[in-house]
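K.L.:
Pasting the sequence and the predicted model now:
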Amino acid sequence: MRLLLLGGTDFAGRAVAEAARDRGWEVTVFHRGEHPAPPGVAVRTGDRTAPDGLSALAAGEWDAVVDTWTAAPRVVRDAARLLADRVDRYAYVSSRSVHTWPIPAGLDEDGPLVEASPDADATDYAADKRGGELAALREFGPDRTLLVRPGLILGPRENCDRLPWWLRRVAQGGPLLAPGSPDTPLQYIDSRDLANWLLDALKAARHGPYNLVSPPGHTTTGQLLDACVTATGARTTLVWTAPAALEAAGVQPWTDLPIWCPPGGELHAALHGADVTRALATGLTCRPITTTVHDTWTAMNP
């Protein structure tokens, strides 16, 4: 397989590039040069937001392209339009945020979607991601477009400071406020599991939208924090604190305490309640949370 990565040097995109390279695929990374490209891949340099920024992609043919863009949908449109006659399949890494709010627990890929335009400038995250989906669909058609909709993405080189935030705090040792109950369910996808499923899906010529997070029951808040304690080796005592007490103190779920949301609320339903039947039926496998946490800590401390 000949794979073109639009991005491919940072976190999820890099995981895709490395996984494809390790499979023996011919991998080309197109990026701005802000981060080193993975060893063993071909590199083309350009800024897709600049005039003539795609000129480095004016020639070349690939079996598939993977695009992780998160901003103005017109940027996805321009790349897809340029490549439509020279690439067989387009995989766009979108988000479950494309669904209209509130996103109920158990929602599958066919739920209602936000209004968006493939020709728009950047507006908000949900509309930008949905507009990117529409841009890819318009230029490649539904049978050649794979829409990957992850929720929370964790793993080595994470650049959103969610799991690393917890690891740094746990590593300090001592009493640690642990939010809610240890059995609160969490859904996430390790960037490497995302990469493996995506590459398998491209090889199998899959198309359409897929929720891509771990199945319900894969892990909990308690298992996540226990794994952080084990990985860091810190002498940390978890002090489980009721959601009502956190709310009274003005603590904001997800932002003040990354990853966590109180169960029963809209935010938890949206972030940790996805139906992933379709992805599981097409081969999604998720490594244990202990592995994700250990490998993230190791990457933070080379």
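P.N.:
Received, thanks. Keep in mind that what you see is a predicted model, and the values were worked out from it rather than measured. Numbering: from 1, shown residues only.

K.L.:
any chance you could map the helices in the stretch 1-150 of the chain?
P.N.:
12-22, 73-83, 125-140 (DSSP state H, counting those that start in this stretch).

K.L.:
Check which helices and strands the first one sits against.
P.N.:
What it means is helix 12-22. Secondary-structure packing of helix 12-22 (3 or more CB pairs under 8 Å, 6 or more residues apart in numbering; DSSP states H and E): strand 2-6, strand 26-31, helix 191-203. (Glycine included, C-beta is placed from N, CA and C.)

K.L.:
Give the buried residues for it.
P.N.:
Neighbour counts over helix 12-22 (16 or more other CB atoms under 10 Å) mark 12-21 as buried.

K.L.:
Go through these and name the one nearest residue 99.
P.N.:
Set against residue 99, the nearest of the buried residues of helix 12-22 by CB to CB is residue 12 (19.9 Å).

K.L.:
mind checking how far the closest one is from residue 107?
P.N.:
22 Å (CB to CB, to the nearest Å).

K.L.:
Ignoring the adjacent residues along the chain, who's closest to residue 95?
P.N.:
residue 129 (4.6 Å; CB to CB, 6 or more residues apart in numbering).

K.L.:
Let me see the contact set for that neighbour.
P.N.:
Listed by CB atoms under 8 Å, 6 or more residues apart in numbering, the contact set of residue 129 reads 70, 94-95, 97-98.

K.L.:
Among the residues you listed, find me the one that's closest to residue 140.
P.N.:
So of the contacts of residue 129, ranked by how close each gets to residue 140 (CB to CB), first place is residue 94, at 14.0 Å.

K.L.:
contacting residues around residue 278?
P.N.:
Here residue 278 is in contact with 108-109, 210-211 (CB under 8 Å, 6+ apart).

K.L.:
should've said residue 112
P.N.:
So residue 112 contacts 99-100 (CB under 8 Å, 6+ apart).

K.L.:
what about the most centrally placed residue in the chain, distance to residue 96?
P.N.:
Compute the mean C-alpha point of the chain, and by CA atoms, centre = their mean the closest residue is residue 153, 4.4 Å away. Using CB to CB, residue 153 is found at 11 Å from residue 96.
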